[in-house]
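1. I'd like to go over a predicted model; first the sequence, then the structure.
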Amino acid sequence: MGYRKLSLTEVRRLFLISLGIGVIAGIYYLLSPYQQCKREAHIQYPEIQEEAVIDECLSRSTK
């Protein structure tokens, strides 16, 4: 089975596609309800432990 080298255009296309997927995943992660809950909890209670934040946000998301 012979393999061929990728052209520069194909490499650029693959790079842009993977970059786009990463950007979309990052935006979703930042805007997800869980992350918003974590930010709100840290703003309201700056001294709160991370475990309590996780428990609170997970209990909110399952309701």
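-> Yep, that arrived. Numbering: from 1, shown residues only.
2. give me the contact list for the longest helix along the chain.
-> In the chain, with assignment by DSSP state H, the single longest helix is helix 8-31. Where contact means CB atoms under 8 Å, 6 or more residues apart in numbering, the residues beyond helix 8-31 that reach it are 6, 35. Where you see a C-beta, it was placed from the backbone N, CA and C, and this is true even at glycine.
3. tell me what the very next helix or strand once past it is packed against?
-> Helices and strands here follow DSSP states H and E; after helix 8-31, the next one along the chain is helix 33-44. With contacts defined as 3 or more CB pairs under 8 Å, 6 or more residues apart in numbering; DSSP states H and E, the packing partners of helix 33-44 are helix 50-62.
4. distance from the longest helix of the chain to the middle of the chain?
-> Per CA atoms, centre = their mean, to the nearest Å, the displacement of helix 8-31 from the mean C-alpha position of its chain is 13 Å.
5. any weak-confidence spans in this structure?
-> 1-2, 60-63 (pLDDT under 70).
6. try it again at 80.
-> Judged by pLDDT under 80, the chain has its weakly predicted residues at 1-2, 58, 60-63.
7. how many residues are close by residue 38?
-> When counting by other CB atoms under 10 Å, one arrives at 16 neighbours for residue 38.
8. so it makes contact with residue 53?
-> Yes: in this structure residue 38 lies within contact range of residue 53 using CB atoms under 8 Å: 5.6 Å.
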